[in-house]
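Peer 1: I would like the atomic coordinates for the input below:
(2 chains)
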Amino acid sequence: DAKTTQPNSMESNEEEPVHLPCNHSTISGTDYIHWYRQLPSQGPEYVIHGLTSNVNNRMASLAIAEDRKSSTLILHRATLRDAAVYYCILLVGSARQLTFGSGTQLTVLP
Amino acid sequence: SAVISQKPSRDICQRGTSLTIQCQVDSQVTMMFWYRQQPGQSLTLIATANQGSEATYESGFVIDKFPISRPNLTFSTLTVSNMSPEDSSIYLCSVRDRGDYGYTFGSGTRLTVV
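Peer 2: All right, here's what the predicted structure looks like:
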């Protein structure tokens, strides 16, 4: 299985940008990079996904390294509501299911 | 994106009994996925439920313990059978959205077995 490596935890100050890193050195050309987050007592929530180019949406930005072996989820202005576990997942080739790793616990400090 | 209604949201059950969890989607989807999240852990895929065919189970999960039904393109059930305290977890269903919205998850069923 294609795997991702994320820091176990990170802290950020409220209203500051947050950069959440993810390493995926075994990624293949057809693997999509997905990010989800799980707020306390809720199911995971889709954040963003991409293949090769950087992506932006209303929630976040995804910066993908040129060699695709790493990516960074960028929250432009953290709020207390952004405190969650963030999962970086590779959707492998023809696979249809998401395989979750341990994720990064983001703490946002007021 | 799709909207999922999952029931019940929580339950406390006696060991040896069974619980059926329902997942209703507001649009037709080809595949539905069932996950388990044990306390303090990440999500583990139990099985993929396709309409009109048997569910596909991941290693470590068997149909006798987790039977799944998928009678149509908007509905699925997962039954946790002959429960023991080790089955205490959050169970979640998920679907892949049409378009470019990624996957949507239900809010989960928090099961406690006593």
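Peer 1: For the closest residue to B:S42 other than its chain neighbours, give its distance to A:T30.
Peer 2: Distances taken as Cβ to Cβ, 6 or more residues apart in numbering or on different chains put A:F100 closest to B:S42, at 4.6 Å, once the chain neighbours are dropped. For glycine as for every other residue, the C-beta is placed from the backbone atoms N, C-alpha and C. Relative to A:T30, A:F100 is positioned 20 Å away (Cβ to Cβ, to the nearest Å).
Peer 1: Comparing the two, which residue is more hemmed in?
Peer 2: Applying other Cβ atoms under 10 Å in any protein chain shown to A:F100 and A:T30 shows that A:F100 carries more neighbours, namely 21 against 10.
Peer 1: So that one sits against A:V85, correct?
Peer 2: No - if you go by Cβ atoms under 8 Å, A:F100 and A:V85 don't touch, sitting 9.6 Å apart.
Peer 1: which residues of the chain score low on pLDDT?
Peer 2: You didn't pick a chain, so chain A it is. Residues of chain A meeting the criterion pLDDT under 70: A:1-2, A:93-95.
Peer 1: Sorry, I should have been clearer: chain B.
Peer 2: Applying pLDDT under 70 to chain B picks out residues B:99-101.
Peer 1: can you list the residues of it near chain A?
Peer 2: With Cβ under 8 Å from any Cβ of the partner chain as the criterion, chain B meets chain A at residues B:1, B:31, B:33, B:35, B:42-45, B:48, B:92, B:94, B:96-97, B:101-108.
Peer 1: Touching, A:L39 and A:Y86? I think so.
Peer 2: No - counting by Cβ under 8 Å, A:L39 sits too far from A:Y86 to count as a contact (10.5 Å).
Peer 1: More neighbours: which of these two?
Peer 2: Between A:L39 and A:Y86, counted using other Cβ under 10 Å, the more crowded position is A:Y86 (24 against 13).
Peer 1: In the sheet, which strands lie alongside the strand or helix carrying that one, parallel or antiparallel?
Peer 2: Secondary structure from DSSP states H and E places A:Y86 in strand A:84-91. Strand pairing for strand A:84-91, using DSSP bridges, gives strand A:32-38 (antiparallel), strand A:104-109 (antiparallel).
Peer 1: Could I get the full set of helices for chain B?
Peer 2: Here chain B has no helices by DSSP state H.
Peer 1: Nearest residue to the middle of it?
Peer 2: Nearest to the mean C-alpha position of chain B, by Cα atoms, centre = their mean, lies B:W34 at 3.5 Å.
Peer 1: For that residue, give me its contacts.
Peer 2: B:W34 sits next to B:23, B:45-49, B:66, B:68, B:76, B:78, B:91-94 when contact means Cβ atoms under 8 Å, 6 or more residues apart in numbering or on different chains.
Peer 1: neighbour-wise, which of those leads?
Peer 2: Highest neighbour count within the contacts of B:W34: B:C93, with 29 neighbours (other Cβ under 10 Å).
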